[in-house]
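Q: The following comprises the amino acid sequence and a computationally predicted model.
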Amino acid sequence: MPLSRSLADLGRAFKHRDYRLFFTGQLLSLVGTWIQMTAQSWLVYRLSGSAEYLGLAGFASQGPVLLFAQIGGAMADRHDRRKILLMTQAASMALAFILAALTLSGTVELWHVFALAALTGLANAFDIPTRQAFIIEMVGRADLQNAIALNSSMFNLARLVGPAAAGLIVASVGEGWCFLINGLSFLMVIGSLLAMRRPAFSAPSGKENLLAEVRQGLSYALNTRPIRYVLLLVGVMSLLGMPYVVLMPIFANRILQGGPQHLGALMSAAGFGALAAALVLASRADLKGIESRIAQAVLGFGLCLILFALSDHFPLSLAILVLVGFGQMTHMAASNTLIQSMVPDAYRGRVMALYSMMFMGMAPFGALASGFLAGAIGAPSTVITGAVACLAGGIGFMILLPRLRPEMHQLITAQTRG
């Protein structure tokens, strides 16, 4: 593909005014979110010195997504998605300010961090599936793949900048200022949502009981084989592969003999690789070969994660984490794109809620288990165990692909014609 064509494809979704507003506001807010996540991880480790408590913190922040995301997805299929996002972003902003006040006043305790993390996770249970389903409203089906990839680019640009900034801020003035910056960053996304020019919301006709709609969404996803297996692989990656992030303070401090700056650099390295992967996906104009890229990305992620766990050399660990981030984001963004290309609009919120549950809702269980396992066998052995499981999942998905591929293409064609 000529370079000029690739560059033109890279930003197709930006021709939509509402998406430009959304992208700008979300980017600034996500930088704040990553600053808070990194500082919160260091705060928990500073207060406890425990791998187990790092796992508990991850569980508290993401567990509510698993419990409530399906309700959030059903709400996104029946209510104005912009209004839902305004409420969830305002709630998250308030919680960040509370954590900042507690930390800056020197009164913060571990239970404060866990409680506020759980409440933020509850807001995310409604925010994440709504935000995923909202994309098609802003850009339409023709630019959906590009918008999803650009969203991943946004997420990982923030992941590149935020942890590095957090490391410097924590080292110089402490964690509380990180939480304050995150709270202020929500003003940008709230402003962008208010500035959008959206048509009047029209509620879907024939709405059933909310729980009945949740069951319908679950039934559709579980009985549609390609969606079921893509979601299953996302769950395996999140449960068994992603907990390496929770253990990163241990690698930074005990294995690589560093401090908060080293933690920020390690997390930013993975973010750099993920950003590169998202930009590669954004430059693609079609879905050709996307199902194969999912399997290949999982295999690459697993192999590189094993290498990271074996490294005790800081520059080498940074380089490997770039590849880990590339594989992780290729898998997640390609899975998101493939699912959204196959699912009918009527089920979009609920299916994306399931994606959110697999992506974020399974992670806290992995974080909790990895924290306790790392306390028993060490962080490197824990990460290697999860990486081997991801390799097994990638191989299994690759074996299934010849049978799944015709169904995937039929679903995508049906939605394109619809």
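A: Structure's in. What do you need?

Q: and after the host helix or strand of residue 372, which helix or strand comes next?
A: Assigned by DSSP states H and E, residue 372 belongs to helix 363-377. Note on helix 363-377: by DSSP H and E, the next helix or strand toward the C-terminus is helix 379-417.

Q: which parts of stretch 409-417 are buried?
A: 411, 412, 415 (16 or more other Cβ atoms under 10 Å). Any C-beta I mention is one placed from the backbone N, CA and C, and that applies to glycine too.

Q: can you list these in JSON lines and add pLDDT?
A: Converted to JSON lines, those look like this (pLDDT from 0 to 100):
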{"residue": "411", "pLDDT": "89"}
{"residue": "412", "pLDDT": "86"}
{"residue": "415", "pLDDT": "75"}
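
Q: right, and residue 21 touches residue 190 too?
A: No. The criterion here is Cβ atoms under 8 Å, and residue 21 misses it with residue 190 at 11.4 Å.

Q: more neighbours, those two?
A: residue 21 (19 against 16; other Cβ atoms under 10 Å).

Q: Identify the residues contacting that one.
A: Counting by Cβ atoms under 8 Å, 6 or more residues apart in numbering, residue 21 makes contact with 192, 193, 195, 196.

Q: Keep only those of those residues that are in helices.
A: Those of the contacts of residue 21 mapping onto helices are 192, 193, 195, per DSSP state H.

Q: ok, the residues you listed vs residue 87, which is closest?
A: Distance to residue 87 across the ones in helices among the contacts of residue 21 (Cβ to Cβ) is lowest for residue 193, with 10.3 Å.

Q: The closest one: what's it in contact with?
A: 21, 22, 25, 82, 85, 86, 89.

Q: and with 6 Å instead?
A: By Cβ atoms under 6 Å, 6 or more residues apart in numbering, the contact list for residue 193 reads 82, 85, 86.

Q: could you say what helices and strands the host helix or strand of the second one packs with?
A: So that's residue 85. Residue 85 is located in helix 81-104, with elements delineated by DSSP H and E. Under the contact criterion of 3 or more Cβ pairs under 6 Å, 6 or more residues apart in numbering; DSSP states H and E, helix 81-104 touches helix 110-139, helix 175-195.

Q: How far does that helix sit from its chain's centre?
A: 18 Å (Cα atoms, centre = their mean, to the nearest Å).

Q: Give me the contact list for it.
A: By Cβ under 6 Å, 6+ apart, helix 81-104 touches 108, 112, 116, 119-120, 123, 126-127, 130, 134, 175-176, 179-180, 182-183, 186, 189-190, 193, 198.

Q: now those residues: which count as buried?
A: Buried among the contacts of helix 81-104 (16+ other Cβ under 10 Å): 108, 116, 119-120, 123, 126-127, 130, 134, 175-176, 179-180, 182-183, 186, 189-190, 193.

Q: got the contact list for the nearest residue in space to residue 391 that is not next to it in sequence?
A: Excluding its sequence neighbours, the residue lying closest to residue 391 (Cβ to Cβ, 6 or more residues apart in numbering) is residue 302, at 3.9 Å. Applying Cβ under 6 Å, 6+ apart to residue 302 gives the contacts 387, 390, 391.

Q: Most neighbours among those residues, which one?
A: residue 390 (26 neighbours).

Q: Mind checking what helix or strand follows the least confident helix or strand in the chain by mean pLDDT in sequence?
A: Here the helix or strand of the chain ranked lowest by mean pLDDT, DSSP states H and E is helix 3-10, holding a mean of 53. Counting by DSSP H and E, the next helix or strand C-terminal to helix 3-10 is helix 17-48.

Q: Buried subset of the contacts of residue 193 as a ChimeraX selection?
A: One line in ChimeraX is enough to select the buried members of the contacts of residue 193, burial here meaning 16+ other Cβ under 10 Å:
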select :82,85
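
Q: how about JSON lines for the contacts of residue 193, with pLDDT and distance to residue 337 added?
A: Formatted as JSON lines, these follow (pLDDT from 0 to 100; distance: Cβ to Cβ, whole Å):
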{"residue": "82", "pLDDT": "91", "distance to residue 337": "23"}
{"residue": "85", "pLDDT": "94", "distance to residue 337": "21"}
{"residue": "86", "pLDDT": "95", "distance to residue 337": "26"}
